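K.L.:
what's the 3D shape of this:
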Amino acid sequence: MHEEIAIAGTGGQGVLFAGRLLAEAALLEDREVVWMPSYGAEKRGGSVYCNIIISDERIGAMVVVRPHAAIAMNLAWTERFEPAIKPGGLLIVNKSLVPRQLKRDDIQVIYLPANDLAAELGDDSAANLIALGTLISCRPVVSPSSIYAAMDNMLAKNRKRLEFNKRALNKGLEMAPAKISPTTSSSARPHPRATSL
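P.N.:
Next up, the predicted model:
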């Protein structure tokens with residue numbers, strides 16, 4: 001297995017936490033891992049992304065140019081990822097903040113209302129974990145149990161947040177493709193490889 005994954009959005013959306021959680025889970029499975037975060041000088045509101053490479057063999061290059069899978073938490077990153085995803089790849093779009101549909105027909109696109117689902121749980125700051133859970137349910141690069149174990153390690157001193165984050169991750173894990181209905185749009189014909197809630 002060799003998976004190259006990108007997660008991106010705006011500062012304050014928990015992009016780096018989601019990426020690190022995925023990387024830590026892969027380490028617990030004795031995989032080779034690279035986690036490369038990048039963020040602007042702003043504390044909140046700036047552009048933030050991270051690349052994660054998970055492999056069963058040594059990783060030769062640490063740069064992800066054409067990810068196999070990505071999570072775009074805002075419109076700007078959706079527009080960047082749309083042409084970059086490898087054919088046959090997966091793009092999860094935070095439909096709570098992205099009003100448009102993509103045009104590619106050679107990738108799987110999931111329109112996930114991550115912020116709305118997180119708000120239903122009581123805290124829309126957990127949209128990152130709902131998106132991560134959806135990624136894992138659609139492309140099982142690590143097991144959910146490894147994600148839970150990594151979360152236990154990373155949030156051991158904050159039990160209240162830990163339990164809430166697990167609920168958010170569970171919500172995302174429930175979003176298996178079979179449970180997501182085909183997308184509909186008044187301005188665009190449903191895409192055969194796109195799904196939406």
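
K.L.:
So for stretch 168-183, mean pLDDT?
P.N.:
The average pLDDT for stretch 168-183 rounds to 68.

K.L.:
show me what contacts Val34?
P.N.:
With contacts defined as Cβ atoms under 8 Å, 6 or more residues apart in numbering, Val34 is in contact with Ala23, Asn51, Ile52, Ile53, Ile59, Met62. Heads up, the C-betas are built off the backbone N, CA and C, glycines and all.

K.L.:
Now restrict those to buried residues only.
P.N.:
When those are checked for burial by 16 or more other Cβ atoms under 10 Å, the buried set is Ala23, Asn51, Ile52, Ile53.

K.L.:
In this structure the last one contacts Pro67, no?
P.N.:
No: Ile53 lies out of contact with Pro67 (Cβ atoms under 8 Å); the separation is 9.4 Å.

K.L.:
Give me the common contacts of those two.
P.N.:
Glu4, Ile5.

K.L.:
by contact count, what packs against the host helix or strand of Ala131?
P.N.:
Using DSSP states H and E, Ala131 sits in helix 127-138. If contacts are counted by 3 or more Cβ pairs under 8 Å, 6 or more residues apart in numbering; DSSP states H and E, helix 127-138 sits against strand 2-10, helix 15-28, strand 69-72, strand 90-94, strand 108-112, helix 114-121, helix 144-154, helix 159-173.
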